[in-house]
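Enquirer: Here is my input, please return the structure:
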Amino acid sequence: MNATLALRCAPDVAAAARGDQHAFARLVDETRSTVTSITLAILRDVELSRDVAQEVYLMAWRDLRRLRDPHSFLPWLRQITRNRAHTRQHRRLEPVTDTILPAAADPRPDAVDMLVAEEERAALERALGELPPSAREVVLLYYREGQSTA
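Expert: Model (predicted):
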């Protein structure tokens, strides 16, 4: 399968090395699943693996002129992919500190959060309204005041 694919890709590799964008697009179509499979296997993050795959193809387009043998394209591309994925894996973002997070996140609830909170409040009010008064008091004391069930 790989030998057949290498033979099938060789003319497009040579054309793409000369700057033929359509030939390179065909190479991307032929190798997309291989590149994304490698990046996903290493990074275990779908979005990041897609980003790295794009970087791989940009690097391949840039460096394709240096590839001497068009039949070596697939191993060359796979190695670029592995190297780029491992580089990104080691460059993962550092944990966000307590001083950075408040500046980056808006603590105010958005419309969806407010709607969900209102629906939860209404559902709780209905449920409490259906309890007998003595049970309602126990539940309220337990959850709101931290009292024991006794």
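Enquirer: CA only for contacts and neighbour counts going forward, please
Expert: OK.
Enquirer: buried sites along the helix or strand harbouring Ala127?
Expert: Element membership for Ala127 (DSSP states H and E) is helix 111-130. Neighbour counts over helix 111-130 (16 or more other Cα atoms under 10 Å) mark Leu128 as buried.
Enquirer: Report the residue ranges of every domain in this protein.
Expert: 2-90, 108-145 (automatic domain parsing).
Enquirer: In the protein, which helix is the longest?
Expert: As assigned by DSSP state H, the longest helix anywhere in the chain is helix 21-43.
Enquirer: ok, and what's touching it?
Expert: Helix 21-43 is touched from outside by 9, 12-13, 15-16, 46, 49-50, 52-53, 57, 61, 77-78, 81-82, 85-86, 89, with contacts defined as Cα atoms under 8 Å, 6 or more residues apart in numbering.
Enquirer: so how far is that helix off the chain centroid?
Expert: Put simply, helix 21-43 sits 17 Å off its chain's centre (Cα atoms, centre = their mean, to the nearest Å).
Enquirer: and what of stretch 82-89?
Expert: 15 Å.
Enquirer: So which bits of it are buried?
Expert: Arg82, Arg84, Ala85, Arg88, Gln89.
Enquirer: what helix or strand is the spatially most central residue of the chain on?
Expert: Nearest to the geometric centre of the chain sits Glu47, at 2.3 Å (Cα atoms, centre = their mean). Taking DSSP H and E as the criterion, Glu47 maps to helix 46-63.
Enquirer: Other residues contacting that helix?
Expert: Against helix 46-63 from outside (Cα under 8 Å, 6+ apart): 16-17, 24, 28, 35-36, 39-40, 43, 77, 80-81, 84-85, 88.
Enquirer: Sketch out the low-pLDDT regions of this structure for me.
Expert: For the chain, the stretches with pLDDT under 70 are 1-2, 92-109, 144-150.
Enquirer: Try it again at 50.
Expert: The chain contains residues with pLDDT under 50 at 94, 96.
Enquirer: distance of Val35 from Arg62?
Expert: To Arg62, Val35 is 17 Å away according to Cα to Cα, to the nearest Å.
Enquirer: quick one, which of those two is more surrounded?
Expert: Val35 (25 against 12; other Cα atoms under 10 Å).
Enquirer: Can you point out the helix or strand that includes Val139?
Expert: Using DSSP H and E, Val139 falls in helix 133-145.
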